[in-house]
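S.K.: only geometry, no sequence info:
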């Protein structure tokens, strides 16, 4: 232990740097991968439901999820496949929604037990081996349903189904690689925490810890006092002993620092470019816009249900007679509108805005299609990336402005529903605050990426005015 001072200090510094990288870079990427998977799964779930190949859980939207729970995996008769797979696929899609909107992707939340639970959930359906012959009950059932769907579908639909399965498999493969990396880092964090909490504790007896057995004894003695409710993992404690006393301890310690190195992705063409690739930067903001897809989808569904509740007034004789006359004479129904009170964030001044429900929901559906197209790298995405930077920036700015306006309107609608829906139906109102929180976070992310692009462009313009080339400035 005498000569381990520099090692301990360098280790803690490396752990801090890697932790920052995980929280700021890797885990947001993992969340993005889960959101991509959820978008694909949700679209597939809705498609199979519309084709009556599965029967969705009728109570799915009433479920309150607070932790990761795996879908049922017990065998069931093949004759019950539509109903039983419908229940299990409903649970799978809802759990993905929970992971994308309510689960916190941070190192302090993603403990080893939670990573294990996520990994088990990831295996609920084996997308890379989806087959009617699979040994896994749920994978086999979905394989049968997909096979039946393809058998009665047009070539375009077959291609869509195959693409959805392939993209799901790719997403899950990427997520599992990221989870494996996170497990390795959490193990190093756990060992580093023991070194910090136990070895630096005033009660730690350095003389007693001068041997392998002595250090193990000191760790076990002080662990309950210094590590709180964290469980003691014997294999990881033994790793610490080996790193301090084994004959190959230097090699072991070098391997730790190798694992803690932060990956830097360097493109081959980067050295040829003068300064940052501004188009790549503005496209980052487009990717952030695509991140709106799952939130808008959920909002669309919940708003549709809430509007139905809002207009589900009890109809008297005369209102029913009026409706019958309109239908008989093919008279146009009165457009459904809602007056909501919207408060300006800056001035705190309130204003009343009339929402034309059909137009509003049609616009929301259009946004859902565009954002899904970006998230799934569809035709919409290809059209955007082929445009020049100015057009791309204009698109992002427009979506950002509309997302802010959408937030204000939906927030006002949420308040309106809770006050104006008939008392008997009020318990059925879908709360929108979770989705609004996700929408707010997406707006912040888009704005940040857009700001980074504008900052670089402004810097480049200033250098041009000064007659300085980018490579000279560097």
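M.R.: That came through, no problem. Predicted, not measured: the structure shown is a model, and the values here were computed from it. Numbering: from 1, shown residues only.

S.K.: okay, now the unreliable bits of this protein?
M.R.: Low-confidence segments of the chain, defined by pLDDT under 70: 1-5, 264-276, 313-334, 344-348, 465-474.

S.K.: scan it for its longest helix.
M.R.: Under DSSP state H, the helix in the chain containing the largest number of residues is helix 155-197.

S.K.: gap between that helix and the chain center?
M.R.: Remark: helix 155-197 is offset 12 Å from the chain centroid, using CA atoms, centre = their mean, to the nearest Å.

S.K.: now do stretch 84-104
M.R.: 12 Å.

S.K.: which residues are in contact with it?
M.R.: Stretch 84-104 has contacts (CB atoms under 8 Å, 6 or more residues apart in numbering) with 31, 34-35, 37-38, 41-42, 45, 48-49, 54-57, 60, 63, 65, 68-69, 71-73, 76, 109, 118, 121, 124-125, 138, 141-142, 145, 294-295, 298, 434-435, 438. In this view, the C-beta of every residue, glycine as well, is placed from N, C-alpha and C.

S.K.: next, the buried residues of that stretch.
M.R.: Burial within stretch 84-104, assessed by neighbour count using 16 or more other CB atoms under 10 Å, is assigned to 84-101, 103.

S.K.: what's the helix or strand hosting residue 450 packed up against?
M.R.: In this structure, residue 450 is located in helix 433-465 according to DSSP states H and E. With contacts defined as 3 or more CB pairs under 8 Å, 6 or more residues apart in numbering; DSSP states H and E, helix 433-465 has these neighbours: helix 81-101, helix 278-290, helix 293-310, helix 389-420, helix 470-473.

S.K.: got those helices as TSV, with distance to residue 238 columns?
M.R.: Below are those laid out as TSV (distance: least, CB to CB, whole Å):
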stretch	distance to residue 238
helix 81-101	33
helix 278-290	43
helix 293-310	43
helix 389-420	51
helix 470-473	52
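
S.K.: so residue 237 makes contact with residue 219?
M.R.: Yes: shown here, residue 237 and residue 219 form a contact pair, counting by CB atoms under 8 Å, at 5.7 Å.

S.K.: identify the contacts common to those two.
M.R.: residue 194.

S.K.: can you give me the buried ones in the helix or strand harbouring residue 32?
M.R.: Assigned by DSSP H and E, residue 32 belongs to helix 27-50. The neighbour-count check on helix 27-50 (16+ other CB under 10 Å) flags 27, 30-45, 47-48 as buried.

S.K.: elements contacting it?
M.R.: Applying 3+ CB pairs under 8 Å, 6+ apart, one finds that helix 27-50 contacts helix 81-101, helix 137-151, helix 155-197, helix 293-310, helix 357-375.

S.K.: for the shortest one, packing partners?
M.R.: When contacts are defined as 3+ CB pairs under 8 Å, 6+ apart, helix 137-151 packs onto helix 27-50, helix 81-101, helix 155-197.

S.K.: now render these as TSV, adding distance to residue 311.
M.R.: Formatted as TSV, these follow (distance: least, CB to CB, whole Å):
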stretch	distance to residue 311
helix 27-50	24
helix 81-101	26
helix 155-197	34
